[in-house]
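Q: Pasted the sequence and its predicted model underneath.
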Protein chains: 2
Amino acid sequence: VILVDGYPADHVPVLDRGFAYGDGVFRTMRAQAGRIAHWPLHYRKLQSDCERLQIACPGEALLRDDLDRVLAREPRCIVRITVTRGRGERGYAGFDAQLPVRVVATAALPAQRPFCEDQGVRVRWCRLALSHQPALAGVKHLNRLENVLARREWNETTIAEGLLCDAQGNAIGGTMSNLFILEGTRLVTPVLDRCGVAGVQRERLLGMGKHGGLDTTIEPVARDRLLAADQLYLVNSVIGLWWVSQLGERNWKRSATTAALQTLWNAADD
Amino acid sequence: VILVDGYPADHVPVLDRGFAYGDGVFRTMRAQAGRIAHWPLHYRKLQSDCERLQIACPGEALLRDDLDRVLAREPRCIVRITVTRGRGERGYAGFDAQLPVRVVATAALPAQRPFCEDQGVRVRWCRLALSHQPALAGVKHLNRLENVLARREWNETTIAEGLLCDAQGNAIGGTMSNLFILEGTRLVTPVLDRCGVAGVQRERLLGMGKHGGLDTTIEPVARDRLLAADQLYLVNSVIGLWWVSQLGERNWKRSATTAALQTLWNAADD
């Protein structure tokens, strides 16, 4: 099911600036029983990302109406909201762009994956180094070629995710997920003011860690710290919370802290 | 006039990866009398950019056929060719993407601008610093948010272009053009192996400078060298060759070398 500006359609204009320049932002969310999990966090993030690009964010009522309509037909699915600067004449500025365009599209929820709560996931390093662009860092915008190229570095289905560093060797996150490392009772996630996407599940796990008695911090994380960590986590709105069982030569077992976090996570997962 | 995969249409699928992730490349070209100026250079660049993103480039005969059809209806115009990885399921890798999609679209040629050959153009510095991404540097891909944000830094019609540096203070180019500086008989253009777009008019002016007896080089250009240069040039396929008359406090007059380059340029401008 796809709605473009509230109308059923499966296409957008060639002249949409989302297509021309990747001039827009998006959200990927999970819906169950006709309800978007963590909608208030998603909408707040959408507003904040639109503001970063100077795009007028569609009103919440408008989007909720779109969502109600698609979820009535497909109550359990993935929903992607895309907001672009709209249709515009040729040229980068886009001062002449018409109203922002919103696209609400559903996709099938992936089948439960073989790894997950008990087994953890295998991950690898990506060779591609993320670039530093403070003007775009943290924003889930439509310029995702770095993620595309990084994700194309492997095709083994046994590898669930690739990890990315910047050119200085700071770990930033996965190609599609945010990264946390557990060091004793410290739960650390990389600072994302120069690259990466600051997703809503990152925000959630930070809150959950604190609530669970962990010392949560956002700081630079050198690549080598991952191998020394007690546990690694990856989060996003579709996969939820993954713990890493293998990265290169290093193996981990699920720790008691991980089991506790999983319990907290599952209790609040809608 | 717009053709999508050879068929008249003004839209692309929402699921096209060009719209979803900016996963594609493009060319902007000038057509006069039903003919694309410098087509062989444009096609070679399209091939090379597709290869960088691991996208299968549409065959030349296919594109020429599209171009013949749109130019029969609009012989004097700007033509943009966009090639995306095609329609794909959700997810960055795109291994499942169907055939690449090609879009050929015309736009009106801008009216002759008041500045130009005699007066030169006024330009300014942009605050945004370009990021370093060797994997994408030089490629005219669809991830153009840096250009969009930089171009939005000014709205005065008297300013023809904005100049961009990287975070280390190396001048890279304009928001939509390639940059050259003239120092005596040296014609220098910035190295673009970490950021920027290596356009076909840059290649042309390098050849033309050499042909005209200048010592042409590609090297890092520190920001301050621009103010000390004898002349600055900006090139792209729509504007052609501009010389800069003003940057901040610095003013230039048109030099004899510039007049000579303009003569060479105009003699070979189709």
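A: Received, thanks. Numbering: from 1, shown residues only, chains lettered A, B, ... in the order given.
Q: For burial, what's the neighbour tally of the residue of chain A found nearest chain B?
A: Of all residues in chain A, the one sitting closest to chain B is A:G22 (3.1 Å; Cβ to the nearest Cβ). In this view, the C-beta of every residue, glycine as well, is placed from N, C-alpha and C. A:G22: 27 surrounding residues under other Cβ atoms under 10 Å in any protein chain shown.
Q: If we ignore the residues flanking it in sequence, what's nearest it?
A: What sits nearest to A:G22 in space, not counting adjacent residues and going by Cβ to Cβ, 6 or more residues apart in numbering or on different chains, is B:G22, at 3.1 Å.
Q: show me what contacts that neighbour?
A: A:21-22, A:142-145, B:141-144 (Cβ atoms under 8 Å, 6 or more residues apart in numbering or on different chains).
Q: Can you lay out those residues as JSON lines showing pLDDT?
A: Listed next are the contacts of B:G22 as JSON lines, based on pLDDT from 0 to 100:
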{"residue": "A:Y21", "pLDDT": "98"}
{"residue": "A:G22", "pLDDT": "98"}
{"residue": "A:L142", "pLDDT": "98"}
{"residue": "A:N143", "pLDDT": "98"}
{"residue": "A:R144", "pLDDT": "98"}
{"residue": "A:L145", "pLDDT": "98"}
{"residue": "B:H141", "pLDDT": "98"}
{"residue": "B:L142", "pLDDT": "98"}
{"residue": "B:N143", "pLDDT": "98"}
{"residue": "B:R144", "pLDDT": "98"}
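Q: Looking at these, which is nearest A:I159?
A: The shortest gap between A:I159 and any of these belongs to A:R144, at 19.5 Å (Cβ to Cβ).
Q: wait, doesn't the closest one sit right on B:Y92?
A: Yes. Contact criterion Cβ atoms under 8 Å: A:R144 and B:Y92 qualify, at 6.6 Å.
Q: list the residues that contact both of the two?
A: B:Y21.
Q: isn't A:H211 right up against A:L264?
A: Yes. The criterion here is Cβ under 8 Å, and A:H211 meets it with A:L264 at 7.0 Å.
Q: Show the pLDDT at A:A137.
A: For A:A137, the pLDDT comes out at 98.
Q: Which strands and helices lie in contact with whatever helix or strand A:G18 lives in?
A: When elements are assigned from DSSP states H and E, A:G18 belongs to helix A:17-21. For helix A:17-21, the elements it packs on are strand A:11-13, strand A:77-84, helix B:17-21, helix B:145-151, judged by 3 or more Cβ pairs under 8 Å, 6 or more residues apart in numbering or on different chains; DSSP states H and E.
Q: Okay, now the unreliable bits of chain A?
A: A:112-116, A:270 (pLDDT under 70).
Q: before we move on, back to that, what are the C-alpha coordinates of the helix holding A:G18, in PDB please?
A: The C-alpha trace of helix A:17-21 is given here as PDB (Å, rounded to 0.1, in the frame of the first residue of the first chain):
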ATOM      1  CA  ARG A  17      13.700  16.700  -5.600                       C
ATOM      2  CA  GLY A  18      13.900  13.500  -3.700                       C
ATOM      3  CA  PHE A  19      14.600  11.700  -7.000                       C
ATOM      4  CA  ALA A  20      16.700  14.500  -8.500                       C
ATOM      5  CA  TYR A  21      19.000  15.100  -5.500                       C
END
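Q: contacting residues around that helix?
A: A:12-14, A:23-24, A:82, A:84-88, A:90, A:92, A:94, A:97, A:101, A:142, B:12, B:16, B:18-19, B:22, B:26, B:82, B:142-145, B:147-148.
Q: unless I'm mixing things up, A:A9 is touching A:D16, no?
A: No. Proximity of A:A9 to A:D16 does not meet the contact threshold set by Cβ under 8 Å, at 11.9 Å.
Q: Neighbour count for the two, which is higher?
A: Per other Cβ under 10 Å, whichever of A:A9 and A:D16 has more neighbours is A:D16, with 26 against 14.
Q: hang on, the earlier thing: which single one of the contacts of B:G22 is nearest to B:R204?
A: Among the contacts of B:G22, B:H141 lies closest to B:R204 (Cβ to Cβ), at 21.1 Å.
Q: Spell out which residues sit in contact with that closest one, please.
A: With Cβ under 8 Å, 6+ apart, B:H141 has these contacts: A:145, B:22, B:24-26, B:49, B:53.
Q: related to what we said a few turns ago, pull out the buried residues from the helix holding A:G18.
A: Of the residues in helix A:17-21, A:17-21 count as buried by neighbour count, 16 or more other Cβ atoms under 10 Å in any protein chain shown.
Q: correct me, but A:G94 touches A:D23?
A: Yes. Using Cβ under 8 Å, A:G94 is in contact with A:D23, at 6.4 Å.
Q: These two: who's more crowded?
A: Taking other Cβ under 10 Å, A:G94 and A:D23 do not tie; A:D23 has more neighbours (29 against 23).
Q: shouldn't that one be in contact with B:N147?
A: No. Proximity of A:D23 to B:N147 does not meet the contact threshold set by Cβ under 8 Å, at 9.6 Å.
Q: so what sits against both of those two?
A: By Cβ under 8 Å, 6+ apart, no residue touches both A:D23 and B:N147.
Q: Export stretch A:232-243 to CSV, keeping only CA atoms.
A: What follows is stretch A:232-243, C-alpha atoms only, in CSV (Å, rounded to 0.1, in the frame of the first residue of the first chain):
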residue,chain,number,x,y,z
LEU,A,232,28.0,-5.3,21.4
TYR,A,233,24.5,-4.4,20.5
LEU,A,234,22.8,-3.2,17.3
VAL,A,235,19.4,-1.6,17.2
ASN,A,236,16.9,-0.3,14.7
SER,A,237,13.2,-0.1,14.4
VAL,A,238,12.8,-3.3,12.2
ILE,A,239,15.4,-5.6,13.8
GLY,A,240,14.8,-4.4,17.4
LEU,A,241,17.7,-5.2,19.7
TRP,A,242,20.5,-7.6,18.4
TRP,A,243,23.5,-8.7,20.4
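Q: Relative to the whole chain's centre, how far out is that stretch?
A: Here the centre of stretch A:232-243 is set off from its chain's centre by 10 Å, with Cα atoms, centre = their mean, to the nearest Å.
Q: Start and end of stretch A:26-41, how far apart?
A: 13 Å (Cα to Cα, to the nearest Å).
Q: in it, what's buried?
A: Applying 16+ other Cβ under 10 Å to stretch A:26-41 flags A:26-31, A:36-39, A:41 as buried.
Q: Please apply the same query to stretch A:74-82.
A: Neighbour counts over stretch A:74-82 (16+ other Cβ under 10 Å) mark A:74, A:77-82 as buried.
Q: same check, this time on stretch A:49-61
A: A:49-50, A:52-53, A:55, A:57-58.
Q: Likewise for stretch A:95-111?
A: A:97, A:100-107.
Q: can I get these in CSV with distance to chain B and secondary structure?
A: CSV is the format used below for the buried residues of stretch A:95-111 (distance: Cβ to the nearest Cβ, whole Å; DSSP: H, G, I helix; E, B strand; the rest coil):
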residue, distance to chain B, secondary structure
A:A97, 10, coil
A:P100, 14, coil
A:V101, 10, strand
A:R102, 11, strand
A:V103, 6, strand
A:V104, 10, strand
A:A105, 6, strand
A:T106, 10, strand
A:A107, 5, strand
